[in-house]
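*Asks:* I need the structure of the sequence given here:
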Amino acid sequence: MEIHEYVRILLRRGWIIILLAVITAASAYVFSKLQRPVYRSTLYLNAIPARPDWGLQQMIKNQLRNYAGQITSDKILQRVDNELQLDMPPDMMRSKISVDPVESDLLIQISVDDYDPLLAKMIADKTADVFVIDITEQMQVIDQRDRVLISVRDYARPGSLFKPKTKFNVLAGGVLGALLGMIIIFALEWLEADIVRSEEDVERYLGVPVLGAIPVVAESAPRSGRLAKRA
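*Replies:* Have a look, this model is predicted:
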């Protein structure tokens, strides 16, 4: 199919693409506004070796995932709940917290999601503090030269909007609607491929110019009234 054929199809049925794109984008917008906003607070923990030793740094990189597991353990989360007096079971608090080791930078990322941006910050900060105290106690039985110094790089800020991402959802909805519209258009063209409606269709299918056409003669309307009788 040549380019001018695509242009002809789009000019003829392009309204379908526009209509579906508007409908799906509007639906995505309404869906996003109906969702309850979730806010995320994030902070980072430094994991610094006590001495600049390559082997110790590699050990810390291997240990970061274990530290991430300790942060979300029942022991740590229960202490966080007790200090904040949230009356929140560890499983519920764990569902709000995500911990990701950043091995290349010797960091641990702690993120907390909650409907309340201030509560998200409080949980993130307190979780970091409790873990730092716990790991510092563990390091007391280890030679100072082999210790890992865990500290908070910066405390979290009040949570920023994490979801729903209204702009992204609207854009994705519009693109999806446009693609769906294009599929419908080409499906309709395929179904009507064998139907000839105009001189252009004849020339397109036969590949020869149309020299003439038989005009369509409209049927005359039946005469109204009574027939006159001959005298």
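*Asks:* Please pull out the lowest mean pLDDT helix or strand from the chain.
*Replies:* Ranked by mean pLDDT, DSSP states H and E, the helix or strand of the chain with the weakest confidence is helix 199-206, at a mean of 61.
*Asks:* Quick check: Leu86 vs Met93, distance?
*Replies:* Computed as C-beta to C-beta, to the nearest Å, the Leu86 to Met93 distance reads 8 Å. Quick note: C-beta positions are derived from backbone N, CA and C, even for glycine.
*Asks:* any residues in contact with both of those two?
*Replies:* Between them, Leu86 and Met93 share these contacting residues under C-beta atoms under 8 Å, 6 or more residues apart in numbering: Ile123.
*Asks:* And the two? Which one has more around it.
*Replies:* Met93 (22 against 15; other C-beta atoms under 10 Å).
*Asks:* Isn't the more buried one up against Ile123?
*Replies:* Yes - the pair Met93 / Ile123 is scored as a contact, 6.9 Å apart, by C-beta atoms under 8 Å.
*Asks:* next structured bit after the longest strand along the chain?
*Replies:* Of all the segments of type strand in the chain, defined by DSSP state E, the longest one is strand 38-49. The first helix or strand that comes after strand 38-49 along the chain, using DSSP states H and E, is helix 54-71.
*Asks:* Just the angle for that next one relative to strand 38-49, thanks.
*Replies:* Angle of helix 54-71 versus strand 38-49, following axes from the mean of the first three to the mean of the last three C-alpha atoms, to 10 degrees, is 150 degrees.
*Asks:* which residues are contacting helix 54-71?
*Replies:* With contacts defined as C-beta under 8 Å, 6+ apart, helix 54-71 is touched by 47, 49-50, 76, 97, 99-103, 106, 108, 110, 127, 131, 134-135, 146, 148, 150.
*Asks:* one more time with 6 Å
*Replies:* By C-beta atoms under 6 Å, 6 or more residues apart in numbering, the surrounding residues in contact with helix 54-71 are 47, 49, 99, 101, 103, 106, 108, 131, 148.
*Asks:* Could I get the pLDDT score of the first one?
*Replies:* You'll see Ala47 listed with a pLDDT of 91.
*Asks:* coming back round to it: only the buried subset of the contacts of helix 54-71, as a ChimeraX command please.
*Replies:* Applying 16 or more other C-beta atoms under 10 Å to the contacts of helix 54-71, the buried members can be selected in ChimeraX as follows:
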select :47,49,99,101,106,108,131,148
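*Asks:* Sort out for me which of the contacts of helix 54-71 are in strands.
*Replies:* 47, 49, 99, 101, 108, 148.
*Asks:* Between all of those, which two are separated the most?
*Replies:* Using C-beta to C-beta, the ones in strands among the contacts of helix 54-71 span at most 20.4 Å, a distance reached by Pro49 and Val99.
*Asks:* So for Asp74, what's the nearest residue that isn't a sequence neighbour?
*Replies:* Nearest residue to Asp74 in three dimensions, chain neighbours excluded: Pro90, at 4.5 Å (C-beta to C-beta, 6 or more residues apart in numbering).
*Asks:* From what I see, the one you found and Leu77 are in contact.
*Replies:* Yes - the criterion here is C-beta atoms under 6 Å, and Pro90 meets it with Leu77 at 4.2 Å.
*Asks:* quick one, which of those two is more surrounded?
*Replies:* Neighbours were counted for Pro90 and for Leu77 using other C-beta under 10 Å; Leu77 has more, 23 against 16.
*Asks:* Alright, that wraps it up for me.
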